[in-house]
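Novice: Need a 3D model of the following:
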Amino acid sequence: MKIIAFVGLPLSGKSTASSVAREMGVPVIVMGDVVREEVKRRGLELTDENAGKIASELREKEGMDAIAKKCIPKIRELNSDVVVIDGIRGIAEVERFKKAFGEDFVLIAIESPIELRFERALKRCRDDDRDIKSIEDLKKRDEREISWGMLEAMKVANLTVENSGDIEDFKDKIRRILKAFTKCLEAEIYTKVNPTEDVEKVRRAIENLFPEIELEFDDSTGVLKGRVEKLDRFRELLRMQRILDTARAELRRGWRGNESTVYLNKQAATVSRINFTDENSVLSPIAVVFRVYGVNFERFIDWLAPETKDGKPVKEIELWSNSDSD
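Specialist: Below is the predicted model of the structure:
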C-alpha cells in the first residue's frame, strides 16, 4: 500500500489535488473531516474558529499526532494499492504516518502565494472559510497551523509542487505525480489540422482508432488533441491487420523512459487502418504518445504488440499482473 500525503498552508491546493486523485479512482482520506465530524458531533456550528479550537483540543489531549492516529485505521480499511491523504498539518503527523507505513509513505508539499490563497477563500465559500474576510484573517489561520509544525512538515517533503498559475496546469502536475505511483496507461494524441483539411474528418479518423478519446481543437494553433486510457480498439486493429512486428519496431524506435511516440498516417486512419509513418510526412501525421505507469515499458510493448510467428502472437499476456515485480 502506497500512501501519498499532501501538505500545505490553508487554501494552497490540497483539496484540488485530492479531487484529481478521486477522478483517477484513488481513494482519499481527508484529515480535516475528522475535525469537522467532531465539531458536528458536539453540536457546534462549523466555522473556522470552532474547527480550530477542536483541532487544537484534540492535539493537546491526545498528542500532536492525534488526528493522524485516527486516520490510520481508516486508511488500512480501504485495502487499496494507493491512498491519498489530504491535510497534514504538522511534523508529528508526518512522523506518525512514517512509523505506520515506512517507505511507502510519500509526502508532497504544495506551495502557493498568500494573495492567491486569499482569493480562493473568497471563491470557495466552504463553511470553515467564512471567517476569512481579509489577508490578515488568513495570516492568523496560517499562524495557527504553523504552530502545529506545518513548516517543519513541508521541509521534509519528498517533493514540492508550485500552485501559482493556471489551475489546469496544477492539476496536470498532480496527475503526473499520482500516475507515477499507480498502475495505469494513457495515450496522448495530437495532430496539426492543415488549412486544406476538415477538422471533423480528422477528428473521426482519430476516433476510428481510439473510440473513447475526447478531442479538443485549438483554433489559435490548429492542433487537435486529446487523451485516452483505453487502447482496446487500437490493440485489436494491430492484430486484425497483422502488423504487430511493425508496431513493435516502431514502439521500440520511439521508446524513451516510460513512454514511446509513434506517428500514424491520417488518410489511412479515415478507413480505420493503422499505417505508421514519419514525423515529417507531407500531411502532418497523427502523433501518439503512449505512457505507462506502474509496470516496465517492455511489458507494455509485449502486451500491445507481442512477438509473432507466422503473423500470429506467440504469447498474449495481461498488462497488469499481481505477480509482476515491475
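Novice: Tell me the secondary structure at the spatially most central residue of the chain.
Specialist: The residue lying closest to the centre of the chain (Cα atoms, centre = their mean) is Arg175, at 2.0 Å. Per DSSP: H, G, I helix; E, B strand; the rest coil, the secondary structure class of Arg175 is helix.
Novice: same deal with Ser12?
Specialist: Per three-state DSSP, Ser12 ends up coil.
Novice: before we move on, back to that, can you tell me the closest non-neighbouring residue to the residue nearest to the centre of the chain?
Specialist: Using Cβ to Cβ, 6 or more residues apart in numbering and skipping residues adjacent in sequence, the residue nearest Arg175 is Val20, 5.4 Å away. For the C-beta atoms, the positions are set from N, CA and C on the backbone; glycine is no exception.
Novice: The one you found: what's it in contact with?
Specialist: The contact partners of Val20, by Cβ atoms under 8 Å, 6 or more residues apart in numbering, come to 171, 174-175, 178.
Novice: For Ala100, state which of those is nearest.
Specialist: For the contacts of Val20, the minimum distance to Ala100 (Cβ to Cβ) is 20.6 Å, reached by Leu178.
Novice: so what secondary structure elements neighbour the helix or strand encompassing the closest one?
Specialist: Under the criterion of DSSP states H and E, Leu178 resides in helix 167-179. In this structure, helix 167-179 makes packing contacts with helix 14-23, strand 159-162, judged by 3 or more Cβ pairs under 8 Å, 6 or more residues apart in numbering; DSSP states H and E.
Novice: quick one: low-confidence parts of this protein?
Specialist: 125-131, 321-326 (pLDDT under 70).
Novice: now the strands for the stretch 101-250 of the chain?
Specialist: All strands of the stretch 101-250 of the chain, identified by DSSP state E, counting those that start in this stretch, fall at 105-111, 159-162, 184-192, 214-218, 223-228.
Novice: coming back round to it: if you count neighbours, what's buried in the helix holding Leu178?
Specialist: 170-171, 173-175, 177-179 (16 or more other Cβ atoms under 10 Å).
Novice: mind saving the C-alpha coords of it as PDB?
Specialist: Output in PDB follows, covering the C-alpha atoms of helix 167-179 (Å, rounded to 0.1, in the frame of the first residue of the first chain):
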ATOM      1  CA  ILE A 167      -5.500  25.500 -12.300                       C
ATOM      2  CA  GLU A 168      -5.300  23.000 -15.200                       C
ATOM      3  CA  ASP A 169      -1.500  23.200 -15.200                       C
ATOM      4  CA  PHE A 170      -1.500  22.400 -11.500                       C
ATOM      5  CA  LYS A 171      -4.000  19.500 -11.900                       C
ATOM      6  CA  ASP A 172      -1.700  18.100 -14.700                       C
ATOM      7  CA  LYS A 173       1.300  18.200 -12.300                       C
ATOM      8  CA  ILE A 174      -0.600  16.300  -9.700                       C
ATOM      9  CA  ARG A 175      -2.000  13.900 -12.200                       C
ATOM     10  CA  ARG A 176       1.500  13.000 -13.400                       C
ATOM     11  CA  ILE A 177       2.800  12.600  -9.900                       C
ATOM     12  CA  LEU A 178       0.000  10.200  -8.900                       C
ATOM     13  CA  LYS A 179       0.400   8.200 -12.100                       C
END
